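K.L.:
Sequence first, predicted model second:
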Amino acid sequence: MKRIIAVLLSLMLILIPMSITASAAAINDDEQRIIDCLSQKAEINGKKFIVPKNYVTQAENFLKTIDATKAQADEIIACVEETIKILKASKLTKTSDLKVLPYEDKAEILALGKQAAAAVGGVLVYDGALVIVTNAEGETVFSDAPIIKTTGAQLDYTGVAAIAAVVVLFLAASFVVARKKGLFVK
């Protein structure tokens with residue numbers, strides 16, 4: 001009897017988790033169109049540009065939390081294509097040239113970014129250094145902050161400098177004492 005109960009309990013422990021369906025959201029066709037648009041290589045003035053993979057991954061992770069419609073996808077894709085048109089007209093040849101774009105172009109690209117974020121209920125904020133997109137609940141869903149952040153205490157080399165100074169003074173004093181004692185004989 002104990003064996004039968006043990007076998008039944010074992011089977012229940014094995015089969016019950018199998019019957020629970022995971023609720024991980026999948027990417028629908030419209031969301032996949034957005035990801036494909038962001039992942040494409042854009043040829044601008046003879047150079048190929050691509051959105052960094054970590055940016056596409058952040059967008060994909062956000063899209064998994066919503067159910068984007070065809071209209072939303074069309075609006076986002078139109079914003080991306082309009083941004084590419086602006087960059088092509090600017091004679092951009094490398095990403096560092098983005099800093100020297102005319103103000104009007106930068107303002108229009110920022111407005112397109114805000115429009116694309118708003119299409120899916122997000123808010124895009126640019127503070128002069130970072131681009132941050134939040135969802136309707138105010139949670140950050142995208143940031144272009146560096147992936148590796150400095151954490152913990154910063155290194156302080158004043159102790160090392162003090163020890164090095166003491167060692168140099170000790171060596172100098174040893175040299176002077178050795179000379180006075182006549183330890184350096186020819």
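P.N.:
Arrived safely, thanks for sending. Source: prediction; values computed, not measured.
K.L.:
Longest helix in this structure, by number of residues?
P.N.:
Assignment by DSSP state H gives helix 158-180 as the longest helix of the chain.
K.L.:
Let's test this: mean pLDDT of it, rounded?
P.N.:
Helix 158-180 carries an average pLDDT of 80.
K.L.:
Give me the residues contacting it.
P.N.:
residue 184 (CB atoms under 8 Å, 6 or more residues apart in numbering). C-betas here are computed from N, CA, C, even on glycine.
K.L.:
Can I get that helix in CSV? Just the C-alpha atoms.
P.N.:
Output in CSV follows, covering the C-alpha atoms of helix 158-180 (Å, rounded to 0.1, in the frame of the first residue of the first chain):
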residue,chain,number,x,y,z
THR,A,158,46.2,58.4,-2.4
GLY,A,159,47.2,55.5,-0.1
VAL,A,160,49.4,54.0,-2.8
ALA,A,161,51.0,57.3,-3.4
ALA,A,162,51.7,57.8,0.3
ILE,A,163,53.3,54.4,0.6
ALA,A,164,55.4,55.0,-2.5
ALA,A,165,56.6,58.3,-1.1
VAL,A,166,57.6,56.6,2.2
VAL,A,167,59.5,53.9,0.3
VAL,A,168,61.4,56.5,-1.8
LEU,A,169,62.3,58.5,1.4
PHE,A,170,63.4,55.3,3.1
LEU,A,171,65.7,54.4,0.1
ALA,A,172,67.1,58.0,0.1
ALA,A,173,67.7,57.9,3.8
SER,A,174,69.4,54.5,3.6
PHE,A,175,71.7,55.8,0.8
VAL,A,176,72.7,58.8,2.9
VAL,A,177,73.4,56.7,6.0
ALA,A,178,75.3,54.1,4.0
ARG,A,179,77.5,56.8,2.6
LYS,A,180,78.2,58.4,5.9
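K.L.:
which residue ranges form the strands in this protein?
P.N.:
With DSSP state E, the ranges of strands along the chain come out as 42-44, 47-49, 123-126, 131-134, 140-143.
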